[in-house]
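*Asks:* have a look at this fold, sequence not included:
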């Protein structure tokens with residue numbers, strides 16, 4: 001089974017308008033509401049690709065109920081922990097001549113709720129996949145990824161970690177099955193500016209040497225790089241398309257990788273489907289749909 005965790009899910013309220021005038025009443029031309037959060041995005045795209053997963057995390061209040069309802073509408077199984085106080089956050093994203101965002105803080109996660117999550121994770125078994133992705137709420141331990149991986153390290157669970165900075169470096173000792181920073185984040189990890197694909201490969205290999213089994217580096221329009229567990233390098237182009245939405249593209253790549261890996265039992269096939277799925281989300285208003293993913297897959301070399 002595949003499990004995703006979203007510590008601080010949200011309702012994303014997307015507002016479109018021609019111009020945003022600060023200090024004045026503004027009228028929207030279009031409005032959309034989505035259930036947001038990196039782990040939730042992974043589960044939704046997996047469902048679109050007809051792969052089952054279970055979404056874990058914390059929800060609170062009426063917004064939490066709506067998040068769960070919307071996630072289930074996509075055919076996802078959920079096992080969220082309902083907090084007794086607070087409300088899940090609302091993120092307002094204004095798309096106008098200048099794009100702006102107002103992200104909510106979210107509810108406090110109690111120690112009791114955190115222990116409930118640990119109890120659920122104890123049910124994971126060998127070869128289950130656990131996706132750890134997204135920001136960590138201020139009420140939670142900053143090393144929560146490490147704590148989870150430490151508790152499960154002897155169960156044979158495959159960890160996929162999509163985070164950055166110190167949080168990423170500190171989990172490498174637990175040998176995550178996959179990590180997926182982009183090329184900017186990779187450079188920041190080592191305090192360097194990466195100028196070409198050769199330098200990206202060089203530093204991606206360092207992450208593998210530090211403990212990651214497989215490393216994918218996304219490079220936007222320049223494609224992506226995979227370093228597999230044997231140290232072999234695979235590079236990919238990106239298919240042709242117009243970028244409409246960058247939100248969720250990285251999460252979609254993770255979902256595509258999982259779907260491809262499970263279907264073909266090859267990391268390289270997971271990488272290929274991951275690139276196609278990430279691109280499908282980037283070229284769409286919403287998250288990737290299966291038909292479009294496989295249409296773009298034909299362009300991946």
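*Replies:* Perfect, thanks for sending it. Source: prediction; values computed, not measured.

*Asks:* okay, CA-based contacts and neighbour counts for the rest of this
*Replies:* Fine.

*Asks:* quick one: the helices in the stretch 1-150 of the chain?
*Replies:* 38-48, 61-73, 111-121, 144-152 (DSSP state H, counting those that start in this stretch).

*Asks:* please identify the deepest-packed of those helices.
*Replies:* helix 38-48 (a mean of 28; mean count of other C-alpha atoms under 10 Å).

*Asks:* relative to helix 61-73, how tilted is that one?
*Replies:* 30 degrees (axes from the mean of the first three to the mean of the last three C-alpha atoms, to 10 degrees).

*Asks:* name the helices or strands packed onto helix 38-48?
*Replies:* Secondary-structure packing of helix 38-48 (3 or more C-alpha pairs under 8 Å, 6 or more residues apart in numbering; DSSP states H and E): strand 2-6, strand 54-59, strand 129-133, helix 249-264.

*Asks:* list the buried residues for the last one?
*Replies:* Spelled out, it's helix 249-264. 249-261 (16 or more other C-alpha atoms under 10 Å).

*Asks:* which stretches of the stretch 201-301 of the chain form strands?
*Replies:* With strands called from DSSP state E, counting those that start in this stretch, the stretch 201-301 of the chain shows them at 214-218, 224-227, 233-236.

*Asks:* columns mean pLDDT on top of those, output as a markdown table?
*Replies:* Output for the strands of the stretch 201-301 of the chain, formatted as a markdown table (pLDDT from 0 to 100):
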| stretch | mean pLDDT |
| --- | --- |
| strand 214-218 | 96 |
| strand 224-227 | 96 |
| strand 233-236 | 95 |
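
*Asks:* ok, which of the ones you listed comes nearest residue 92?
*Replies:* For these, the distance to residue 92 is smallest for strand 214-218, at 26.7 Å, taking C-alpha to C-alpha.

*Asks:* that closest one to helix 249-264, inter-axis angle?
*Replies:* 140 degrees.

*Asks:* contacts for strand 214-218?
*Replies:* Residues from elsewhere that reach strand 214-218 (C-alpha atoms under 8 Å, 6 or more residues apart in numbering): 176-183, 186, 200, 204-205, 207-208, 224-229, 271.

*Asks:* tell me which of the residues you listed fall in helices.
*Replies:* 183, 186, 200, 204-205, 207-208, 271 (DSSP state H).

*Asks:* and of those, the nearest to residue 39?
*Replies:* residue 271 (18.6 Å).

*Asks:* for residue 132, see how far away that closest one is.
*Replies:* 18 Å (C-alpha to C-alpha, to the nearest Å).

*Asks:* before we move on, what about residue 240?
*Replies:* 30 Å.

*Asks:* the two: who's more crowded?
*Replies:* Between residue 240 and residue 132, residue 132 has the larger neighbour count (other C-alpha atoms under 10 Å), namely 23 against 12.

*Asks:* so that one makes contact with residue 4?
*Replies:* Yes. With contact defined as C-alpha atoms under 8 Å, residue 132 and residue 4 form a contacting pair (6.5 Å).

*Asks:* give me the common contacts of those two.
*Replies:* With C-alpha under 8 Å, 6+ apart as the test, residue 132 and residue 4 both reach residue 39.

*Asks:* check contacts around the residue most central in space within the chain.
*Replies:* Nearest to the geometric centre of the chain sits residue 251, at 3.3 Å (C-alpha atoms, centre = their mean). Residues in contact with residue 251 (C-alpha under 8 Å, 6+ apart) are 38-39, 41-42, 278.

*Asks:* which of those residues sits closest to residue 113?
*Replies:* Nearest member of the contacts of residue 251 to residue 113, counting by C-alpha to C-alpha, is residue 39, at 18.1 Å.

*Asks:* any idea how far the closest one lies from residue 4?
*Replies:* With C-alpha to C-alpha as the criterion, residue 39 and residue 4 are 5 Å apart.

*Asks:* coming back round to it: mind putting the buried residues of helix 249-264 in TSV, pLDDT and distance to residue 80 included?
*Replies:* Shown next, in TSV, are the buried residues of helix 249-264 (pLDDT from 0 to 100; distance: C-alpha to C-alpha, whole Å):
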residue	pLDDT	distance to residue 80
249	90	24
250	92	23
251	94	19
252	95	21
253	96	23
254	97	21
255	97	20
256	97	23
257	97	24
258	98	22
259	97	23
260	96	26
261	96	26
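
*Asks:* could the residues you listed go into TSV alongside distance to residue 149?
*Replies:* Shown next, in TSV, are the buried residues of helix 249-264 (distance: C-alpha to C-alpha, whole Å):
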residue	distance to residue 149
249	25
250	22
251	20
252	23
253	22
254	18
255	20
256	23
257	21
258	19
259	22
260	24
261	21
